[in-house]
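> attaching a predicted model along with its sequence, questions to come.
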Amino acid sequence: MIAALAFYIFSAILIASALMVISARNPVHSVLFLILAFFNAAALFVLLGAEFLAMILVIVYVGAVAVLFLFVVMMLDVDFAELKKGALRYLPFGGLVGLVLAAELILVGGVWAFAPKAQQALASATPAHMSNTEALGRILYTDYVYYFQIAGLVLLVAMIGAIVLTLRRRPGVRRQSIARQNARDPAETMDVVDIKPGQGA
Amino acid sequence: MLLTHYFNTLGLPYNWAWTLSQVLVLGVCEFLALLGVAAVILLDRKIWAAVQMRRGPNVVGAFGLLQTIADAFKFLLKEVIIPAGANKVIFILAPLVTATLAFAGWAVIPFDNGWVVSNINVGILYLFAVSSLGVYGVIMAGWASNSKYAFLSALRAAAQMVSYEVSIGFVMITVLLFAGSLNLSDIVRAQAQQGWFAFTILFPMFVVFFVSTLAETQRPPFDLLEAESELVAGFFVEYSSTPFLLFFLGEYVSIMLLCALMSVLFLGGWLPPLQMWPFTLVPGVVWFFGKIMFLFFMIAMVKAFVPRYRYDQLMRLGWKVFLPLSLFWVVLSAGWILYFHGGAH
């Protein structure tokens, strides 16, 4: 009863905030609504009993990715009203993408009806005596360890790529080298000179 | 559980009785946390004053004990001023976000064996998520104020908090490797067998976590976002009255929360220092609060005698020192467990 109530509240807010993401006038408001949407999706995961996924969703998407989104949107001085003027032209294309996504989701949902055996696979996904974090870890680091490492490598390549693309060397920039600073001692950098009065150095 | 049973006998269905009792317990916890925060703010000011050979607040009440409460009432009774150019909704929302998130984290903190509002399996991830959300209060406040000082401060905050979260995450992983659980109570129980993690191979991680806590909560020496000599007061420069009070409250509650997390992860939570006669007489919750207060004392002392970092030094410390160190320690402790405990935990 409470779970059903919570489900309807969370999914209603999720859909409403997702709508606001694309319809809000101010881009910063859009990003904030996006965060609200992520948050409610995480709440739905919790209702499903997938608490690990829920927390990871909040940590990765809300805690890191959306912060950078917000960062960029706030920094950019783009006239979004100007940008949005022609947005209606893309409505057919956007509608098509949405339609394909919706159809795929319906297909995924339909699989449970068409293939009753799939339902059993779902029911036995998490062993009864362990939490789903443990169950995920057990399957990820044993059966799928190569796929896991390939995914890690892909991310590493992407990270190196991002660094290489944005790295630029500017000549003549003075940098602070902490190790060199700490290694300096007065004996080699200072000269104590005894200057006679009236003669100068 | 007793409370749930009591409501159940009153004729409420079990679900509702459970929800109601959870809400009540949570309310009592938050009230205690508020009182604790009032005490801690005074403590902070007193310690700071003592280091500088001043007396600190000593007028309101005996030893200035009522100073914080007087301040709170002062803020509550003042007029709320919203700048004309501000984005009103977000301007009001920002302090609410900060304060709510700071309180939300306490739900999973185990005060004693079994004394926890919500004993969830992913407690530590929940705390990590809540503390990483804290940055939104700051960014929203800085942006909605429509002031360049507040905005600069918000940008600094975003970069700083995201940077230090990375090393906090890795430090948590080293602890998890030894504890073998994401549940905070289980982490404390693991320390009953293996000794407090601060006194094992994880000691350097305790130091990293402590310094990252300072950066995460914007305490000096990492308080660049409220550097008063350059940014006036940082992201809350436009705030007055109750919204300001909420920021102030949220800041101290989240400091206490991270102190509590530190004592759970590294100082054995509710465990006494030695499992023997005179120590075991004291209830666990007293040990727990003692540890929180000890950590808070250290944080207050750091404020008193460490000069503020420069921004590039702050970033260097986060990315070039803490990140590689904590990453190396993850590998090291995984190897340690595999070698000495045969990988079974």
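All right, it came through fine. Numbering: from 1, shown residues only, chains lettered A, B, ... in the order given.
> mind telling me which residue of the stretch 51-200 of chain B is nearest chain A?
When scored by Cβ to the nearest Cβ, the stretch 51-200 of chain B has B:Ser132 as its residue closest to chain A, at 3.1 Å. In short, each C-beta sits where N, CA and C put it, glycine included.
> quick one, phi/psi of the residue lying closest to that residue once chain neighbours are set aside?
Nearest residue to B:Ser132 in three dimensions, chain neighbours excluded: A:Gly63, at 3.1 Å (Cβ to Cβ, 6 or more residues apart in numbering or on different chains). When quoted as degrees, to the nearest 10, the phi and psi of A:Gly63 stand at phi -80, psi -30.
> and chain A, which of its residues are near chain B?
A:1-2, A:26, A:28-29, A:32, A:35, A:51-52, A:55-56, A:58-59, A:62-64, A:67-68, A:70-71, A:74-75, A:131-133, A:176, A:178 (Cβ under 8 Å from any Cβ of the partner chain).
> which of the residues you listed are buried, as a ChimeraX select command?
The ChimeraX command for the buried members of the residues of chain A next to chain B (criterion: 16 or more other Cβ atoms under 10 Å in any protein chain shown) is given here:
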select /A:28,29,32,35,51,52,55,56,58,59,62,63,64,67,70,71,74,131,132,133
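> longest helix in the chain, please.
Since you didn't name a chain, this refers to chain A. Counting by DSSP state H, the longest helix found in chain A is helix A:91-114.
> oops, I was thinking of chain B
helix B:14-51.
> after the worst-scoring helix or strand of chain A on mean pLDDT, which helix or strand is next?
When each helix and strand of chain A is scored by mean pLDDT, DSSP states H and E, helix A:116-123 comes last, with a mean of 64. Later in the chain than helix A:116-123, the nearest helix or strand by DSSP states H and E is helix A:132-140.
> now the strand or helix carrying the residue of the stretch 51-200 of chain B closest to chain A: mean pLDDT?
B:Ser132 belongs to helix B:123-144 when assigned by DSSP H and E. Mean per-residue pLDDT for helix B:123-144: 86.
> packing partners of it?
Contacts defined by 3 or more Cβ pairs under 8 Å, 6 or more residues apart in numbering or on different chains; DSSP states H and E place helix B:123-144 against helix A:27-48, helix A:51-56, helix A:66-75, helix B:88-104, helix B:148-179, helix B:184-194, helix B:241-265.
> try it again with 6 Å
Using 3 or more Cβ pairs under 6 Å, 6 or more residues apart in numbering or on different chains; DSSP states H and E as the contact test, the elements touching helix B:123-144 are helix A:51-56, helix A:66-75, helix B:88-104, helix B:148-179.
> angle of it against helix A:66-75?
10 degrees (axes from the mean of the first three to the mean of the last three Cα atoms, to 10 degrees).
> got the CA positions of helix B:123-144 in CSV?
Extracted in CSV, the C-alpha atoms of helix B:123-144 (Å, rounded to 0.1, in the frame of the first residue of the first chain):
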residue,chain,number,x,y,z
GLY,B,123,24.8,2.7,4.4
ILE,B,124,28.2,4.0,3.4
LEU,B,125,27.1,4.6,-0.2
TYR,B,126,24.1,6.4,1.0
LEU,B,127,26.3,8.7,3.1
PHE,B,128,28.7,9.2,0.2
ALA,B,129,25.7,10.1,-2.0
VAL,B,130,24.3,12.6,0.5
SER,B,131,27.6,14.3,1.1
SER,B,132,28.2,14.6,-2.7
LEU,B,133,24.8,16.2,-3.0
GLY,B,134,25.9,18.9,-0.6
VAL,B,135,27.5,20.8,-3.4
TYR,B,136,24.1,21.7,-4.9
GLY,B,137,23.1,23.9,-2.0
VAL,B,138,26.3,25.9,-2.6
ILE,B,139,26.0,26.1,-6.4
MET,B,140,22.3,27.0,-6.3
ALA,B,141,22.9,29.7,-3.7
GLY,B,142,25.8,31.2,-5.7
TRP,B,143,24.0,31.2,-9.0
ALA,B,144,20.6,32.4,-7.7
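> other residues contacting that helix?
The contact list for helix B:123-144 (Cβ atoms under 6 Å, 6 or more residues apart in numbering or on different chains) reads A:55, A:58-59, A:63, A:67, A:70, A:74, B:86-87, B:90-91, B:94, B:97-98, B:101, B:104-105, B:108, B:150-151, B:153-154, B:157-158, B:161, B:165, B:172, B:182-184, B:235, B:261.
> narrow these to just the buried residues.
By neighbour count, with 16+ other Cβ under 10 Å, these hold A:55, A:58-59, A:63, A:67, A:70, A:74, B:86-87, B:90-91, B:94, B:97-98, B:101, B:104-105, B:108, B:150-151, B:153-154, B:157-158, B:161, B:165, B:172, B:182-184, B:235, B:261 as buried.
> about what we covered before: from the chain's centre, how far out does the helix holding B:Ser132 sit?
12 Å (Cα atoms, centre = their mean, to the nearest Å).
> what angle do it and helix B:184-194 make?
Here the directions of helix B:123-144 and helix B:184-194 differ by 130 degrees (the same axes, to 10 degrees).
> domain ranges for chain A?
Chain A breaks down by automatic domain parsing into domains covering A:1-80+A:87-125, A:127-167.
> export those domains to CSV and tack on distance to B:Pro204?
CSV is the format used below for these (distance: least, Cβ to Cβ, whole Å):
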stretch, distance to B:Pro204
domain A:1-80+A:87-125, 24
domain A:127-167, 25
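> and the ones you listed, which one averages the lowest pLDDT?
domain A:1-80+A:87-125 (a mean of 83).
> restricting to C-alpha, output stretch A:129-144 in CSV.
Presented in CSV, the C-alpha positions along stretch A:129-144 are these (Å, rounded to 0.1, in the frame of the first residue of the first chain):
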residue,chain,number,x,y,z
HIS,A,129,20.9,-15.0,1.4
MET,A,130,23.0,-12.1,0.1
SER,A,131,22.5,-8.4,-0.5
ASN,A,132,22.3,-7.3,-4.1
THR,A,133,25.6,-5.5,-3.8
GLU,A,134,27.3,-8.8,-3.0
ALA,A,135,25.4,-10.6,-5.7
LEU,A,136,26.4,-8.0,-8.3
GLY,A,137,30.0,-8.2,-7.2
ARG,A,138,30.0,-12.0,-7.3
ILE,A,139,28.7,-12.1,-10.9
LEU,A,140,30.7,-9.1,-12.2
TYR,A,141,34.1,-10.1,-10.9
THR,A,142,33.8,-13.8,-11.8
ASP,A,143,31.7,-14.6,-14.9
TYR,A,144,32.0,-11.2,-16.5
